[in-house]
Every structure is written in C-alpha cells, then in structure tokens.
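Asks: Would you be able to build a 3D model of this:
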Amino acid sequence: MDNQLPSISNRDKRLLKICNQLSIGFHVTIDDIKILEFDQGRVSDIYRIIFKNDEKPLVYDKNHRIPIQQLVIKLFRPHTPYDPYESKMNSLIAGFERLGPQIYLTGDDYIAMEYIDAKAFNRQNDYDEKFIQLLASRLARFHSLQVPIAKNSYKDRYRYIFEEWADEKFWNQFYNESSFGMKALRENKCHTIIDYNVQIECEFLRKQIEAIDPIIVFCHQDLNHSNIFIINKQQPDIKFIDFDYSGYNLRGMDIGRYFADCEKFEQYSDEGIINDEKMLRFIRYYLDENCNIYGPNYRQDPCNSPNTLLRESKVFVLFAQMIDILFCLWETIAEPKRRDKYCKADTKNTDNSKNALQMMMSSDDINPS
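Replies: Numbers count the residues shown, from 1 in each chain. As a prediction, the model looks like this:
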C-alpha cells in the first residue's frame, strides 16, 4: 500500500515543517521520521509519517494530551477539482464527531490527521448483518452533521458530471467515428458502450434525479468501499475518510453508491446489483438510526418510508454506475497506460447492459422509455 521514499527533497522539507508545528517545543529532523507515500490519492498527495525515536508530538484528544506514533498528511495539489476550504471543514467536523480521522493541524494547502489502523470495508462485510447495521447507523449519523458550507448547491454534483465532465467535447471523442475514443472502443471490442449511446442514458438519468423530491443531508458523495474503514476492536466501529467531495445532497447519493458496490469484488466490474430485499434491509437500519436521532415520528413522514428511499437509492445506483462508466471512458483517453484496465472487450451478450437497466428501474414510476 505504501513504499519507502528517498531521504531529502523539497517535499520532505515541507512535510518536516508540518510535523514540527504539531506541538509546542517539539522538533525533529528528517532522520527522526519515516515517510511513506500512499499509492492512492488521485487528486492530492497523501503521506504516512512515522516518528522513529522516543520523542513524539503531543496532540489533544478531548481534554487530554497524548503522544502520537504516526499520522497522515494530505497535501492539496494546485488547481484541485474540489474546494480545499470545504475539504478541511468537512474533515474537521467529521473528525470532531468521531465519524472520521481526528484532525491535528491544517494549513492553506494541507491537513495533518490521525492515522487509523483499520481495514477497508469489503464484500465479506457486505454479507455480515452486524456490519450492515453498523454502516447504516453510522451513515445516518454522518448525514445528520451540520457543516457550515453551502446547502443550496446539491445540484452542482450531477450538473458537473453531466455538463462539465461529460460535455459535448467529451462525447465527440467517443461517438464520432473518426475519433480516437471510438477507435479504442472498437479495437477493444467494447460493443455495449458503442451500441447503447451512453450520452442518451445520461440525459434519461438526469431527468430521474431531478424528479426526486429532495431531502437534503450532508453527504460523503464518494462512499465506495475504500472510503469506509472498519476499526478492529472488541467493539468494531466504522469511520469514513476522504471528504474532498463531501457536501449537501440527496441522501440517496451515498446509499446508492454503497448499493452499487455492495457484494462486488471490485468497483469497476459488471457484477450484478443486490436485490430489493437486501437494499430494504440496509434502509430499515438506516431509518432506525434516524429515529434515534430525530425521534420516532421520523418514520411517519411519507418521504421517509422504506419504499420512497428505495426508489431514490436505485436512481443513485444508476448514477454511481454512470460515474464509473464515464470515469473509465475518461481514463481511456487521458491515461493510455491504464487503458487495458478500463477498456475491455465484452464477454457477454450486449443486451446485458440494457437488461440490467430494466431490472434496476423495475418500479412502475421509474421505467426508462
């Protein structure tokens, strides 16, 4: 997951300077720390810092100062696709509420945070009732957070996907016969993407999202397995990480993302979607915790009925899948070295994609035309 890096560089000096701001009177040299780089982090640079000697920084945990052996430092890259201020604010509040790593220090272009010795949520956990219930309740708690960022910008997320990321130029790179993208799709025998115009599917999906009666909560907005951590203690707990894209949105945004990945070996796969019964099981646990937060009348509101939330979640399952499809298409153009990973030949009947869409949108009021 991480690899030893060479000693001194401008980057190391920068990380060292951050470490020496952690507590009063604390000072280490480059020889006193070990710097490991995480192999993930596509829009920021993330490092794990280990203090090798006896001297360790002291950080506050509620009313106590405790020494820390290691921490994580996230360095924001210039011109990030997200707002660093909002990312820091989201991280601070999630950490304060024990729903994410504790934040030790922030600056204009970095966050220094708690290192969590944990495992990412995986498909085995998706089959375990206690973890399903725990995740649903923790997500309900996360959705109840009040964060001082814009609350009327919930449409920005899908507008960015459908208008800015997948704009007309993007589609011309694939559905123009002479384009590089179409050539790559044909060479790799990606018949489904060619036969079913994804641009038209995006237009259909956007209409479905805009037809939902919006119940707006604070959402993670990238709730895949790798951003859900299980802390292995006698009483297991769950914390979330990576709040760069978090913001106010429809609650189905997070629930649908989880359902889209649930019980799968990997995110970018064509494995099936869990059935309605399993979705409703998670939703009922989620509603139980909301009743604990807001009172028993929460469930009385028709907007909070299991079937209403199921419908909304299924729309966002499609949205999550569409983001994955668009990401793979984008990688096919932007990252030639990763093309073999994301641009693969169809091995099944090309009707599978349409059949999956019909199955997902099985409710009478969501059927695609």
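
Asks: Could you list the low-confidence segments of the stretch 251-369 of the chain?
Replies: Along the stretch 251-369 of the chain, segments meeting pLDDT under 70 span 335-369.

Asks: residue closest to the middle of this protein?
Replies: Residue closest to the average C-alpha location in the chain (C-alpha atoms, centre = their mean): Asp222, at 1.9 Å.

Asks: What residues does that one make contact with?
Replies: Listed by C-beta atoms under 8 Å, 6 or more residues apart in numbering, the contact set of Asp222 reads 242, 244-246, 257. (Each C-beta comes from the backbone N, C-alpha and C, glycine too.)

Asks: Phi, psi for it please.
Replies: Backbone torsions for Asp222, taken as degrees, to the nearest 10, come to phi -150, psi 50.

Asks: Can you tell me how far it is from Arg281?
Replies: 23 Å (C-beta to C-beta, to the nearest Å).

Asks: so where do the helices sit in the stretch 251-369 of the chain?
Replies: Taking DSSP state H, counting those that start in this stretch, the helices of the stretch 251-369 of the chain run over residues 252-261, 276-294, 306-334, 339-342, 352-360.

Asks: ok, what's across the strand from the residue lying closest to Asp109 once chain neighbours are set aside?
Replies: Nearest non-adjacent residue to Asp109, counting by C-beta to C-beta, 6 or more residues apart in numbering: Phe76, 4.6 Å away. Counting by DSSP bridges, Phe76 forms beta bridges with Ser44.

Asks: ok, now which ones touch Phe76?
Replies: Phe76 sits next to 44, 84, 87, 109-110 when contact means C-beta under 8 Å, 6+ apart.

Asks: Now go through the residues you listed and say which are in helices.
Replies: Applying DSSP state H to these, the entries found in helices are 84, 87.

Asks: what's the closest of the contacts of Phe76 to Ile212?
Replies: Using C-beta to C-beta, Ser87 is the member of the contacts of Phe76 that lies nearest Ile212, at 26.3 Å.

Asks: shouldn't that closest one be in contact with Phe243?
Replies: Yes. The pair Ser87 and Phe243 passes the contact test of C-beta atoms under 8 Å, sitting 5.9 Å apart.

Asks: Neighbour count: these two, which is higher?
Replies: Phe243 (29 against 24; other C-beta atoms under 10 Å).

Asks: Would you confirm that the more buried one contacts Ala94?
Replies: Yes. Using C-beta under 8 Å, Phe243 is in contact with Ala94, at 5.9 Å.

Asks: and for these two, which residues touch both?
Replies: Common contact partners of Phe243 and Ala94 (C-beta under 8 Å, 6+ apart): Gly100.

Asks: Isn't Leu135 up against Ile228?
Replies: Yes. Contact criterion C-beta under 8 Å: Leu135 and Ile228 qualify, at 6.7 Å.

Asks: Give me the common contacts of those two.
Replies: Residues touching both Leu135 and Ile228 (C-beta under 8 Å, 6+ apart): 121, 238.

Asks: Please, where are all the helices along the stretch 1-150 of the chain?
Replies: Counting by DSSP H, counting those that start in this stretch, the helices of the stretch 1-150 of the chain are 10-19, 84-96, 123-126, 129-143.
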